[in-house]
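>>> Sequence first, predicted model second:
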Amino acid sequence: MLKEIRNLIAFLTIIPVGMDPDCLTDAAKYMPLFPAVGAFIGFLAGLFAWLLLHVLPPLVAGILTLGCILVITGLHHTDGLLDFGDGIMYQGSPEKKIQIMHDQQMGTGGLTLGLITILTTALGIAGLNMSIVIQSLIVAEVSAKLAMVIGAWAGKSAHKGMNTYFVDAMHGRHRNLRLIFALAISLSVAIPLLWIAGFTAVTVGLVADLVMVGVSNRHFRGVTGDVMGAMNELTRMASLI
């Protein structure tokens with residue numbers, strides 16, 4: 001089990017815990033544990049924010065804290081957010097939209113969605129009271145990682161790729177139990193830390209996830225790895241709001 005947990009951390013972060021050839025399959029198999037890794041990331045970011053708020057204005061602390069989160073996660077999900085923005089703005093067939101998302105060039109749709117999400121998230125962090133900043137960032141990251149679990153559970157694979165591992169894993173045996181397990185982890189973290197606010201943050205994130213699945217089905221006829229990355233970023237923002 002230690003190997004699988006190490007692979008989960010290696011997949012979701014740039015923390016040098018070591019990665020082996022089974023990283024992708026282990027990450028998909030143990031996807032319901034994503035929120036637990038999110039809690040760890042949120043704790044690191046929250047501690048960073050708490051220290052910054054002692055010496056810097058809230059707005060600067062919020063921007064730098066978001067930068068810390070994006071660095072810890074290797075900017076992988078941010079890249080998906082930008083590609084998602086380009087894909088949904090392109091007028092064409094689902095196949096062409098997916099092709100646009102795989103393009104190395106960033107378009108206006110990606111730039112606009114990225115700016116709105118990053119600015120709103122940074123301002124959301126800046127608006128947190130110092131007394132609950134650690135708890136809030138833990139809950140926000142738990143919700144962000146739960147988003148990818150929801151996306152894999154509720155969506156279907158739009159094309160053969162990395163997303164297929166996760167969609168297949170969440171559509172196999174005991175798919176509902178796997179979802180319930182992820183939800184139980186999320187709520188068992190969020191409610192003790194922030195009570196009603198924690199429950200609300202996770203619920204808002206859940207609603208945002210289901211909306212994104214619907215948008216993705218409409219534009220791409222399923223979810224992709226970029227869509228899951230975008231879910232992570234947009235759900236973090238929604239939870240912070």
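Great, that's in hand. All values reported here derive from a predicted model rather than from experimental measurement.
>>> Phe48 and Ile69, how far apart?
In this view, Phe48 and Ile69 are 9 Å apart by CB to CB, to the nearest Å. Where you see a C-beta, it was placed from the backbone N, CA and C, and this is true even at glycine.
>>> before we move on, what about Asn7?
Using CB to CB, we find Asn7 at a distance of 21 Å from Ile69.
>>> hmm, back to that, more neighbours, Phe48 and Ile69?
In terms of neighbours (other CB atoms under 10 Å), Ile69 is the more surrounded of Phe48 and Ile69; the figures are 25 against 20.
>>> Which residues are in contact with that one?
41, 45, 137, 141, 236 (CB atoms under 8 Å, 6 or more residues apart in numbering).
>>> Go again with 10 Å.
41-42, 44-46, 48-49, 77-78, 121, 125, 137, 140-141, 144, 233, 236 (CB atoms under 10 Å, 6 or more residues apart in numbering).
>>> Next up, phi/psi of it, please.
Here is the backbone geometry of Ile69 (degrees, to the nearest 10): phi -60, psi -50.
>>> What of Ser157?
phi -70, psi 120.
>>> So it versus Tyr165, what's the distance?
Counting by CB to CB - Ser157 and Tyr165 are separated by 9 Å.
>>> The longest helix anywhere in the chain - contacts with which helices or strands?
Counting by DSSP state H, the longest helix found in the chain is helix 196-220. If you count contacts as 3 or more CB pairs under 10 Å, 6 or more residues apart in numbering; DSSP states H and E, helix 196-220 packs onto helix 76-89, helix 94-102, helix 133-154, helix 175-194, helix 225-240.
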